[in-house]
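> Kindly generate the corresponding structure for this input.
(chains A and B)
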Amino acid sequence: MSETPWYNRGLFSSLNLRQKTLLTICLTASVLLIIFICGTLINANLPTDFTIKMQPPSFEHPFGTDWMGRDMLIRTIKGLSLSIIIGIGASIISSIIAIILAFIASMNSKCDEFVSWLIDLFASIPHILLIMMISISLGKGAFGVIMAVAFSHWVNLTRVLRAEVLQINTSEYVALSKRFGKSRFWIAKEHILPLVLSQIFVGTLLVFPHAIMHESSVTFLGFGLSPHEPAIGIILSESMTYLAMGAWWLAFFPGVALLIVVLLFDIIGDNLKRLYDPSEANK
Amino acid sequence: MIKINTKKLAKFFGYKLIRLVILLIVIAAISFIMIQMSPIDPVKAYLGQRIVSQEQMAIIGNYWGTNLTLGERVLGWLQTLATGSMGFSLIYRVPVTEVIMQKFTASFILMAVSWIISGIVGFGLGILAGAKEGTLIDKAIKTYCYILQSTPTFWIGLVFLMVFSVYLGWFPIGLSVPIGQLSDTVTFWQWLYRLILPAITLSVVGIASLTMYTRDKLISIKKSDYFLFAQARGESFWGIIKNHGVRNILIPAITIQFMSFNELFGGTILVEQVFAYPGIGQATVAAGLRSDVPLLLGIVLISATFVFLGNLIADIIYKYVDPRIRGEDDE
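Sure, this is the predicted structure:
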């Protein structure tokens, strides 16, 4: 193209692609951090004021108010920070599961077959159903949701890691280390882990958006967090009751906010992927 | 000419059948154990707020077998399953197979309609975006897909409900049957009218991944030598897209679409909940919330079979329908 694209003009024209990627990551991460910190600082027990109940969005209450006169903006931010916490917990646990399984798969061909079979098994139950069942079996609540989301999202990362580890295991330096009598654990620690570390990191971040989305879906269905917690899923399922009355702001803004958070995590994940794997950057 | 090696085909299907059976047994056992581990007491969850004496609760517990050990219960469940019965649904009070049959047909129509719509539209948009790479149309389609991939299905349903049912008033707010009418007296048009919004919601969500896949494929084809050669021969642009692009991408795209049964089923559960469409999704949620264990387990098994079938069809297309791979196989 002859003309310069928009991002090469103006303020950021002096930056190269790498710097721009870093800048994007920093900006999106700080937005998420601000939401998260605001959410944790807010007291969950909002004052109820029935004189201002069910008010459409105004300058005083940008997201409107609910049936108890609580400000929807504050409730939404609180819910988002809760979602972020659950997302962090779930994605870290699911990566740990993926790492362990990938390590087991690298032991021998029997273990490898077992792990592939396990992947098939978990991939053949619809996600939502699996999360519902695990959540029920752990007694719902935050712990149940985190574990449920973690135990249903390790599949993709395990697939990636398994393929990667298989490839590294066939390399010459691993064969050499084996001949030198190094233990499996030593090889895994010194040869394999440093190479797959970036994959693990990016994979964990890419689980995040799914985790948040599934958490809110399951909570919406009534299998997640309990109704008195300020989660986005709860807010949205509450709004179902008032939808027919035309209270559109109860469902619209919290959903958009959730969408934005998910998108921001997606952007961070994609950009980090580019940073670690420069061959992807031109796609 | 399609020449199929029957012996190989029989072996393929036999292998797949054994896999399915093993898969179902394991899923049945694991999901049963998982439900049994739950700290939620099934008797209490079933009774809800009703006040019942201790003796009566013990009678129900005895009747349901809550006093048996876990091993006995798992074996019992697998034994009944082997006879072809999935037990008795606690909330509908009819055999589970009957409930699933009835609910699944309703959902199946919803899923089939949206699956076809999302397949056609998704493929079309993907081709359009790929052909017009870098233009405004491409960017619009790409943005649309990115946003959709990060949107919870049920929220899209809520937005559609707000816009089309509440604000514009074009569609009813929910239910597959008008209030005060029996489900068997519903006319075809009434039923179709209520199917539109859930089906559109489900298809809108399903488009994203197929479109992105088709777009990426077409772009890589556009970089190929045969594409360049076709251009050098002076063929028209859309002619090349049709002859070299669509033909190459169609089979993998259909395969992808068959492999999406997993997400399709998950989406159906959410969409049915939002639109109060009485299908398998609503039955799942009801069974889960009110501890109807037989029904929930039955649905898990059915959904696993459903997903397995989708993957099997994808496998068959990949192995036997694709002319390039079939040719290699027969030699």
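
> Any chance you could list what contacts the helix or strand bottoming out on mean pLDDT in chain A?
Lowest on mean pLDDT, DSSP states H and E among the helices and strands of chain A sits helix A:232-242, with a mean of 80. Applying CB atoms under 8 Å, 6 or more residues apart in numbering or on different chains, the contact partners of helix A:232-242 are A:54, A:66-67, A:72, A:75-76, A:79-80, A:82-83, A:215-222, A:224-225, A:227, A:247, A:250-251, A:254-255, A:257-258, B:154-155, B:158, B:274. For every residue, glycine as well, the C-beta is placed using N, CA and C.

> Can I get the buried part of those residues as one PyMOL selection?
Listed next is the PyMOL selection for buried residues among the contacts of helix A:232-242, using 16 or more other CB atoms under 10 Å in any protein chain shown:
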select buried, (chain A and resi 54+66+67+72+75+76+79+80+82+83+215+216+217+218+219+220+221+222+224+225+247+250+251+254+255+257+258) or (chain B and resi 154+155+158+274)
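
> Using PDB, list the CA coordinates for the least confident helix or strand of chain A.
Extracted in PDB, the C-alpha atoms of helix A:232-242 (Å, rounded to 0.1, in the frame of the first residue of the first chain):
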ATOM      1  CA  ILE A 232     -22.600 -10.100  36.100                       C
ATOM      2  CA  GLY A 233     -24.500 -13.300  35.500                       C
ATOM      3  CA  ILE A 234     -26.800 -12.600  38.500                       C
ATOM      4  CA  ILE A 235     -27.400  -9.000  37.400                       C
ATOM      5  CA  LEU A 236     -28.400 -10.200  33.900                       C
ATOM      6  CA  SER A 237     -30.600 -13.000  35.100                       C
ATOM      7  CA  GLU A 238     -32.300 -10.500  37.400                       C
ATOM      8  CA  SER A 239     -32.800  -8.100  34.500                       C
ATOM      9  CA  MET A 240     -34.900 -10.800  32.700                       C
ATOM     10  CA  THR A 241     -37.700 -10.100  35.100                       C
ATOM     11  CA  TYR A 242     -37.900  -6.500  34.300                       C
END
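
> Just give me how far whatever helix or strand comes next after that helix sits from the chain centre.
Later in the chain than helix A:232-242, the nearest helix or strand by DSSP states H and E is helix A:249-276. How far helix A:249-276 lies from its chain's middle: 9 Å, per CA atoms, centre = their mean, to the nearest Å.

> Counting neighbours, what do you get for residue B:301?
Neighbourhood size, residue B:301 [other CB atoms under 10 Å in any protein chain shown]: 21.

> where does it land on pLDDT?
Note on residue B:301: pLDDT of 87.

> What helix or strand is the most centrally placed residue in chain A located in?
Centroid-nearest residue in chain A: residue A:208, 0.9 Å away (criterion: CA atoms, centre = their mean). Per DSSP H and E: residue A:208 is located in helix A:193-221.

> can you give me the offset of that helix from its chain's centre?
What separates the centre of helix A:193-221 from the centre of its chain is 4 Å, taken as CA atoms, centre = their mean.

> for stretch A:61-70, same thing?
28 Å.

> Would that stretch count as contacting chain B?
No: judged by CB under 8 Å from any CB of the partner chain, stretch A:61-70 stays clear of chain B, getting no closer than 13.4 Å.

> pull the CA atoms of that stretch into PDB?
What follows is stretch A:61-70, C-alpha atoms only, in PDB (Å, rounded to 0.1, in the frame of the first residue of the first chain):
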ATOM      1  CA  HIS A  61     -26.400   7.300  37.300                       C
ATOM      2  CA  PRO A  62     -24.800   6.600  33.900                       C
ATOM      3  CA  PHE A  63     -26.100   3.000  33.900                       C
ATOM      4  CA  GLY A  64     -29.400   3.700  35.500                       C
ATOM      5  CA  THR A  65     -30.700   2.200  38.800                       C
ATOM      6  CA  ASP A  66     -32.200  -1.200  39.600                       C
ATOM      7  CA  TRP A  67     -35.400  -2.200  41.400                       C
ATOM      8  CA  MET A  68     -33.900  -1.300  44.800                       C
ATOM      9  CA  GLY A  69     -32.500   2.000  43.700                       C
ATOM     10  CA  ARG A  70     -28.900   0.800  43.500                       C
END
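
> In the helix holding residue A:208, which residues are buried?
A:196, A:199-200, A:202-221.

> Up against chain A, what does the stretch 151-300 of chain B have?
So far as CB under 8 Å from any CB goes, the stretch 151-300 of chain B lies against chain A at B:151-155, B:158-159, B:161-162, B:166-167, B:173, B:262-263, B:265-266, B:269-270, B:273-274, B:284-285, B:288-289, B:296, B:299-300.

> Show the pLDDT at residue B:127.
The model's pLDDT for residue B:127 equals 90.

> What's the local residue count around it?
Using other CB under 10 Å, residue B:127 is surrounded by 23 other residues.

> Tell me which other helices or strands the helix or strand containing it touches.
Residue B:127 is part of helix B:96-131 when elements are defined by DSSP H and E. On a contact count with 3 or more CB pairs under 8 Å, 6 or more residues apart in numbering or on different chains; DSSP states H and E, helix B:96-131 meets helix B:136-149, helix B:188-222, helix B:247-259, helix B:261-275, helix B:280-289, helix B:293-316.

> 10 Å instead, please
Contacts defined by 3 or more CB pairs under 10 Å, 6 or more residues apart in numbering or on different chains; DSSP states H and E place helix B:96-131 against helix B:136-149, helix B:188-222, helix B:237-240, helix B:247-259, helix B:261-275, helix B:280-289, helix B:293-316.

> Can I get the fifth one in CSV? Just the C-alpha atoms.
Output for helix B:261-275, consisting of C-alpha atoms alone and laid out as CSV, is shown next (Å, rounded to 0.1, in the frame of the first residue of the first chain):
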residue,chain,number,x,y,z
PHE,B,261,-22.0,-29.4,17.6
ASN,B,262,-20.4,-29.0,21.0
GLU,B,263,-20.8,-25.2,21.0
LEU,B,264,-24.2,-25.5,19.3
PHE,B,265,-25.6,-27.6,22.1
GLY,B,266,-24.2,-25.2,24.8
GLY,B,267,-25.6,-22.3,22.9
THR,B,268,-29.0,-24.0,22.8
ILE,B,269,-29.1,-24.4,26.5
LEU,B,270,-28.6,-20.7,27.0
VAL,B,271,-30.9,-19.5,24.2
GLU,B,272,-33.7,-21.7,25.3
GLN,B,273,-33.4,-20.3,28.8
VAL,B,274,-33.6,-16.7,27.6
PHE,B,275,-36.5,-17.3,25.2
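
> Fine, thanks again, bye for now.
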